[in-house]
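Asks: Starting from these lines, generate the structure:
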Amino acid sequence: MARHETLAAVDLGSNSFHLLVGRIVDGQVYPLDTLREQVQLGAGLTADKRLDRASQARALDVLAQFRERLRGLPRDAVRAVGTNALRVAKNAAAFLREARDTLGFPIEVIAGREEARLIYLGVAHALPPAENRRLVVDIGGGSTELIVGQGLKPRLMESLYMGCVSSSLRHFPEQRIDKRSMKSAVLEARQELAAVSRSYLRSGWQEAVGSSGTARSIESILAANGFAANGITRDGLERLRELLIETGRADPDRIAGLKAARAAVLPGGFAVMYAVFDELDIERMAVSEAALRHGVLYDLLGRVEHHDMREATVTQFMRRYHVDAAQAARVRELALRIHEQLAGTRDDDPDRLMLDWAARLAEVGLSIAHAQYHKHSAYVLSNADMPGFSRVEQQRLARIVLAHRGKLDKLGDDGLEDGDWNLVFALRLASTLLRRRTRVRLPAFRVSAGEARFSLDLPKSWLARNALTAAALETEARQWETVGRQFAVRRMS
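Replies: Residues are numbered from 1 along each chain as shown. Reported below is the predicted structural model:
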C-alpha cells in the first residue's frame with residue numbers, strides 16, 4: 001500500500017455517521033477535519049429487520065456530503081466501516097451498493113469483535129502510555145463493546161447486542177421516563193452483561209474508560225449539574241437517574257448539559273451505562289474523545305506502514321490450525337506467479353493480497369478432517385473472529401478457499417465476482433501442480449485468460465513424464481465446464 005500524508009476514516013454507526021480526516025506525521029495521526037451527522041440508521045430498522053427508505057435516504061444524503069470532503073483522496077487512503085445496524089439489516093447488501101456509489105469508496109461491514117478491537121486501538125492511542133490494564137466501554141447505537149487491554153493490545157473483547165438507539169426505542173418509545181421503564185431497561189441490559197461479566201471481573205483492570213457519544217453526553221450532564229467533577233461516577237449516575245425520572249423525559253431545556261440532538265437516545269444509553277457500572281462493579285470511569293473512527297484511522301495507518309493486522313491474523317491462524325507452512329509457502333509462491341501472468345499486479349494490489357491469504361489458509365480445515373477439508377476451511381474462515389478482516393473480506397476469502405478444490409458447481413447461486421475467478425484459477429492450478437506436497441521443478445509455462453476461458457501451455461515432454469498431473473489437469477478442465485468456463489492445456493514442443 002502506498003504511503004499517504006492524509007488518511008480518512010468513515011464510521012457508519014447505528015446512531016451517527018462520522019468522518020475523520022487526519023494528517024500523518026512520524027507515525028501519528030493529527031486530526032485535520034471531522035464531520036458528524038446524526039442519521040439514526042438503527043431507528044430505521046423495521047420489525048422484520050429491514051432498513052426503511054427514510055433512514056436510507058438520510059444516510060445517502062450524509063454520504064454525499066462526506067464524498068465532497070473526500071474528493072481527491074486515493075482509494076487506499078480511505079476506509080469506511082459499517083456497524084451493528086448494517087450487521088443485522090436483511091436488506092443491507094442492496095443499501096450498501098447505493099451507499100458505495102454515493103460515497104465513492106468501498107464500505108466494509110465489520111463484525112462486533114472487530115469493532116471492539118478498533119475502538120480499543122483508537123482509545124489506547126489517545127491515552128497516555130501505561131502498563132496497567134484498562135477496561136474500555138463503548139455504548140453505540142445498536143451494540144455495546146467491552147474491551148480489556150494493556151498498552152495497545154486488547155486482551156478480552158465482546159460486542160453485546162444493546163445500544164442507546166435500540167434500548168431507547170424499546171423501553172422509552174415516546175421518550176417518557178418513569179421508574180418502571182428505567183428499571184426494565186436497566187434489567188434487560190444487566191441480563192445481556194451477565195453472560196460476560198464474570199470473565200471480565202476475573203480478568204480485572206485498574207482503569208475504566210468510556211468512549212463515544214453516550215459516555216461523553218453523560219459526562220457533560222454530570223459536570224453541568226455538579227453531579228461529578230470529571231468523568232462518570234456511580235454517585236453521579238444515581239443522581240442523574242433521579243433527575244431523569246423526576247423530569248419524566250430527557251428534556252434539554254430542563255437538564256443542563258444535554259444537547260437536543262442527544263435527547264432521544266439518552267434514556268437507553270443511560271440505562272446501559274448504569275447496568276455496566278452495576279454488573280462490572282465500577283465506581284469511576286474516565287471518558288475518552290477517541291472512538292471507532294480513530295481506531296479505523298490507526299488501523300489504516302498500520303496497513304500503510306506495513307503493520308497490517310490482517311497479516312498478523314493469517315499468521316496466527318496458520319499456527320492455531322497447524323497448517324503445513326512449507327506447503328502453504330510453495331502454493332502461495334506458485335499461485336502468485338500464475339496470477340501475475342494473468343493480471344500483472346503490484347505487491348499491494350487487493351486481489352494479490354486476497355490470493356496470498358487464501359493460499360496460506362486454504363488448508364486450515366485439515367485440522368478438522370482430511371475429507372472435504374476445503375469445506376471445513378471455508379466454514380472456519382466464514383465464521384471465526386479474524387481481527388483486521390471485515391465481514392465482506394472474510395466471506396470473499398472463504399468463497400475462494402471453498403472453490404480451490406473439488407467441484408466448482410458447489411458454489412451454487414452464491415457464485416463469485418468476475419475478478420475472483422482469476423484468483424480461484426491460480427489457486428486451483430497451483431494446488432494441482434503441487435499435489436505431491438514436495439518442491440517440484442516445474443518447466444517454463446504460460447497461462448492466459450480470456451472471456452470465460454483459461455489456458456495453460458506446458459511442454460509435451462514434461463506432461464509425458466508426469467502422467468498423473470496430466471490426468472489431473474484433464475479432470476480440472478471438465479470441472480471448469482460445469483460453471484460455463486473453459487480451461488485448455490496446450491502442449492508445447
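
Asks: Report the buried residues of the helix ranked longest in the chain.
Replies: Using DSSP state H to define each element, the chain has its longest helix at helix 179-203. Buried residues in helix 179-203, counted by 16 or more other Cβ atoms under 10 Å: 181-182, 184-186, 188-190, 192-193, 196-197, 200. (Glycine included, C-beta is placed from N, CA and C.)

Asks: Turn these into CSV, including pLDDT and distance to residue 45.
Replies: Putting the buried residues of helix 179-203 into CSV (pLDDT from 0 to 100; distance: Cβ to Cβ, whole Å) gives the following:
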residue, pLDDT, distance to residue 45
181, 96, 20
182, 96, 23
184, 97, 20
185, 96, 18
186, 97, 22
188, 97, 17
189, 96, 19
190, 96, 23
192, 95, 18
193, 96, 22
196, 95, 24
197, 95, 27
200, 96, 28
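
Asks: ok, so of these, who is nearest residue 94?
Replies: residue 192 (29.6 Å; Cβ to Cβ).

Asks: Tell me who's in contact with that closest one.
Replies: 144, 160, 161, 162, 275 (Cβ atoms under 8 Å, 6 or more residues apart in numbering).

Asks: Double-check that the last one belongs to a strand.
Replies: No: assignment of residue 275 by DSSP: H, G, I helix; E, B strand; the rest coil gives helix, placing it outside any strand.

Asks: That one contacts residue 194, doesn't it?
Replies: No: the pair residue 275 / residue 194 is not scored as a contact, 9.6 Å apart, by Cβ atoms under 8 Å.

Asks: what kind of secondary structure is residue 258 in?
Replies: coil.

Asks: Could you export the helix or strand harbouring residue 81 as PDB, CA atoms only?
Replies: In this assignment (DSSP states H and E), residue 81 forms part of strand 78-82. Once non-C-alpha atoms are left out, strand 78-82 reads as follows in PDB (Å, rounded to 0.1, in the frame of the first residue of the first chain):
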ATOM      1  CA  VAL A  78      -9.900   6.000   2.900                       C
ATOM      2  CA  ARG A  79     -11.500   3.200   5.000                       C
ATOM      3  CA  ALA A  80     -15.300   3.200   5.600                       C
ATOM      4  CA  VAL A  81     -16.900   0.700   8.100                       C
ATOM      5  CA  GLY A  82     -20.500  -0.100   9.000                       C
END
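
Asks: what distance separates that strand from the middle of the whole chain?
Replies: Relative to the centre of its chain, strand 78-82 is centred 9 Å away, using Cα atoms, centre = their mean, to the nearest Å.

Asks: Quick check: can you name the pairing partners of that strand and their directions?
Replies: strand 6-12 (parallel), strand 107-109 (parallel) (DSSP bridges).

Asks: Could you report the neighbour count for residue 97?
Replies: A total of 11 residues lie near residue 97 under the criterion other Cβ atoms under 10 Å.

Asks: Can you check what angle separates the helix or strand in which it is found from strand 78-82?
Replies: Per DSSP H and E: residue 97 is located in helix 92-103. Counting by axes from the mean of the first three to the mean of the last three Cα atoms, to 10 degrees, helix 92-103 lies at 150 degrees to strand 78-82.

Asks: Pull out the buried positions in helix 92-103.
Replies: Using 16+ other Cβ under 10 Å as the test for burial, helix 92-103 gives 92, 95, 96, 99, 102, 103.

Asks: ok, now stretch 277-285?
Replies: Under the neighbour-count criterion of 16+ other Cβ under 10 Å, stretch 277-285 has 277, 278, 279, 280, 282, 285 buried.

Asks: residues in contact with it?
Replies: 135, 137, 186, 190, 193-194, 197, 200-201, 208-210, 215, 231-234, 237, 276.

Asks: got any ranges where this structure has weak pLDDT?
Replies: Along the chain, the model assigns pLDDT under 70 to residues 1-3, 304-306, 345-348, 412-415, 418.

Asks: circling back to that earlier point, next, show the common contact partners of residue 275 and residue 194.
Replies: Common contacts of residue 275 and residue 194, defined by Cβ under 8 Å, 6+ apart, are absent altogether.

Asks: Then residue 61 would be within a helix, right?
Replies: Yes: checked against three-state DSSP, residue 61 lies within a helix.

Asks: what about it, how many neighbours?
Replies: Neighbours of residue 61 (other Cβ under 10 Å): 12.

Asks: Next, the contact list for the most centrally placed residue in the chain, please.
Replies: Central residue of the chain (Cα atoms, centre = their mean): residue 110, 2.5 Å from the mean position. Shown in contact with residue 110 (Cβ under 8 Å, 6+ apart): 81, 82, 83, 118, 390, 391.

Asks: Redo the residues you listed as TSV? Include distance to residue 457 and neighbour count.
Replies: As requested, the contacts of residue 110 are exported to TSV (distance: Cβ to Cβ, whole Å; neighbours: other Cβ atoms under 10 Å):
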residue	distance to residue 457	neighbour count
81	43	23
82	44	28
83	49	29
118	46	32
390	38	20
391	39	18
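
Asks: about what we covered before: and the strands paired with strand 78-82 as CSV, adding mean neighbour count?
Replies: Listed next are the strands paired with strand 78-82 as CSV, based on neighbours: other Cβ atoms under 10 Å:
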stretch, mean neighbour count
strand 6-12, 24
strand 107-109, 21
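
Asks: Next, format the ones you listed as JSON lines and append distance to residue 488.
Replies: What follows is the strands paired with strand 78-82, written out as JSON lines (distance: least, Cβ to Cβ, whole Å):
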{"stretch": "strand 6-12", "distance to residue 488": "45"}
{"stretch": "strand 107-109", "distance to residue 488": "37"}
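
Asks: Nearest to residue 362 among those would be which one?
Replies: Closest approach to residue 362 among the strands paired with strand 78-82 (Cβ to Cβ): strand 107-109, 22.7 Å.

Asks: Perfect, I'm done here.
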